[in-house]
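*Asks:* no FASTA, just this:
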């Protein structure tokens with residue numbers, strides 16, 4: 001065979017191999033792309049299947065709503081709800097809270113979405129929560145539609161007494177799938193509540209005034225859960241029949257109350273009784289007690305701390 005023929009055969013062989021390699025590369029590329037598309041489609045289908053796994057539930061307004069069976073991302077728009085969600089063991093599911101949410105310590109590290117009454121809708125939507133928990137219905141009309149258009153459920157919970165707090169915790173445990181931890185928490189709280197009941201049993205009720213702020217003078221009325229806490233702690237709120245939850249009192253009305261004990265919701269501007277009480281039995285007998293404002297104002301597990309402190313103050 002001549003050198004020319006050999007050279008021609010070698011070129012042909014190289015050409016053929018190159019053709020095979022190109023075909024092989026194309027085939028591998030098509031397989032790779034097909035695999036990616038299959039995986040993406042499969043992932044999308046799985047995601048769709050997960051999205052349809054919803055369940056029906058009723059909130060404190062009696063609204064029938066749908067929530068995911070498994071909640072991974074939630075926003076709380078009230079300090080007490082943030083405390084409750086942490087208490088039932090679901091604090092790691094919170095991706096947004098209010099600027100007032102300062103307990104527990106880990107709550108301070110979570111993204112802030114504004115305050116309770118004026119949350120930032122853009123921030124909330126950007127966090128992609130599945131559920132937004134709110135404590136009152138006062139602002140719900142303003143943003144429910146906006147959130148629901150983004151497939152974000154709004155859940156309203158507003159406990160108005162101690163039993164309501166326990167019920168709310170139980171429901172949150174069910175919502176987040178932490179029922180075992182919640183059961184332990186509820187048992188501990190109920191034991192402490194029963195211990196207070198035993199402590200004040202058969203004791204004379206102490207006429208008590210709760211001062212929420214000194215100027216203007218705000219207190220608690222019949223719609224406040226604190227009226228029940230005072231009663232449960234061995235007291236009798238002298239404003240328990242006043243309309244609304246947190247009424248503002250005139251000096252004339254307050255003067256006639258003459259409480260035997262005054263409980264101050266402790267804050268920098270509420271460290272002593274209003275001057276109208278200077279001649280009251282409470283001031284004369286130095287029955288003035290300070291309790292952390294957060295304990296008194298939040299229907300959450302620490303409300304039991306407030307109950308114990310009230311009972312110990314009124315019936316040491």
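*Replies:* Structure's in. What do you need? Here the structure is a predicted model, which is why all the values come from computation and not from measurement. Numbering: from 1, shown residues only.

*Asks:* Test my guess that residue 112 contacts residue 100.
*Replies:* No. Taking contacts as C-beta atoms under 8 Å, residue 112 lies outside contact range of residue 100: 9.3 Å. C-beta coordinates here come from the backbone N, C-alpha and C atoms, glycine included.

*Asks:* quick one: which of those two has more around it?
*Replies:* Taking neighbours as other C-beta atoms under 10 Å, residue 112 and residue 100 compare with residue 100 leading, 18 against 15.

*Asks:* wait, what's in contact with the more buried one?
*Replies:* Shown in contact with residue 100 (C-beta atoms under 8 Å, 6 or more residues apart in numbering): 79, 115-116.

*Asks:* out of those, who has the most neighbours?
*Replies:* Neighbour tally across those (other C-beta under 10 Å): the maximum, 22 neighbours, falls on residue 79.

*Asks:* could the contacts of residue 100 be laid out in a markdown table, adding distance to residue 294 and secondary structure?
*Replies:* Shown next, in a markdown table, are these (distance: C-beta to C-beta, whole Å; DSSP: H, G, I helix; E, B strand; the rest coil):
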| residue | distance to residue 294 | secondary structure |
| --- | --- | --- |
| 79 | 7 | helix |
| 115 | 15 | coil |
| 116 | 14 | coil |
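
*Asks:* mind listing the helices for the stretch 51-200 of the chain?
*Replies:* In the stretch 51-200 of the chain, the segments counted as helices under DSSP state H, counting those that start in this stretch are 79-87, 121-126, 140-148, 162-176, 179-200.

*Asks:* tell me, which of the ones you listed is the model least confident about?
*Replies:* Lowest mean pLDDT within these: helix 140-148, a mean of 75.

*Asks:* In stretch 113-127, which of the residues would be classed as buried?
*Replies:* 113-114, 116, 119, 121, 124-125, 127 (16 or more other C-beta atoms under 10 Å).

*Asks:* For stretch 192-205, which residues meet the burial criterion?
*Replies:* Neighbour counts using 16+ other C-beta under 10 Å place 193, 196, 199-200, 205 of stretch 192-205 among the buried residues.

*Asks:* And stretch 222-241, by the same measure?
*Replies:* 224-240.

*Asks:* distance between the ends of that stretch?
*Replies:* End-to-end distance for stretch 222-241, by C-alpha to C-alpha, to the nearest Å: 5 Å.

*Asks:* same thing with stretch 268-278?
*Replies:* End-to-end for stretch 268-278, by C-alpha to C-alpha: 20 Å.

*Asks:* try stretch 108-118
*Replies:* For stretch 108-118, the end-to-end distance is 19 Å (C-alpha to C-alpha).

*Asks:* What average pLDDT does it get?
*Replies:* 91.

*Asks:* can you pull out the strands in the protein?
*Replies:* 54-58, 64-68, 74-76, 94-96, 131-134, 153-156, 206-211, 235-237, 261-266, 288-292 (DSSP state E).

*Asks:* can you tell which of those strands is closest to residue 249?
*Replies:* strand 206-211 (9.4 Å; C-beta to C-beta).

*Asks:* and the helices of the stretch 51-200 of the chain as TSV, adding distance to residue 105?
*Replies:* Converted to TSV, these look like this (distance: least, C-beta to C-beta, whole Å):
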stretch	distance to residue 105
helix 79-87	10
helix 121-126	22
helix 140-148	28
helix 162-176	20
helix 179-200	18
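
*Asks:* Deepest in the core, which of the ones you listed is it.
*Replies:* Greatest average neighbour count among the helices of the stretch 51-200 of the chain goes to helix 79-87 (a mean of 26), per mean count of other C-beta atoms under 10 Å.

*Asks:* Give me the contact list for it.
*Replies:* 74, 76, 91, 93-94, 97-98, 100-104, 106-107, 116, 133-135, 157, 165, 168-169, 172, 176, 185, 294, 298-302.

*Asks:* can you pull the contacts of residue 306?
*Replies:* Shown in contact with residue 306 (C-beta under 8 Å, 6+ apart): 229, 291-292, 295-296.

*Asks:* Buried among these? Need that as a selection in PyMOL.
*Replies:* Of those, the buried ones go into a single PyMOL selection, burial set by 16+ other C-beta under 10 Å:
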select buried, resi 229+291+295+296
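
*Asks:* which of the contacts of residue 306 lies closest to residue 218?
*Replies:* Closest to residue 218, out of all of the contacts of residue 306 and judged by C-beta to C-beta, is residue 296, at 12.1 Å.

*Asks:* Out of the contacts of residue 306, flag the one nearest to residue 216.
*Replies:* The closest of these, once distances to residue 216 are taken by C-beta to C-beta, is residue 296, at 17.8 Å.

*Asks:* State the pLDDT value of that closest one.
*Replies:* pLDDT, residue 296: 93.

*Asks:* from what I can see it touches residue 270, true?
*Replies:* No. Using C-beta under 8 Å as the test, residue 296 is too far from residue 270 to be in contact (10.7 Å).

*Asks:* Having no further points to raise, I will conclude here.
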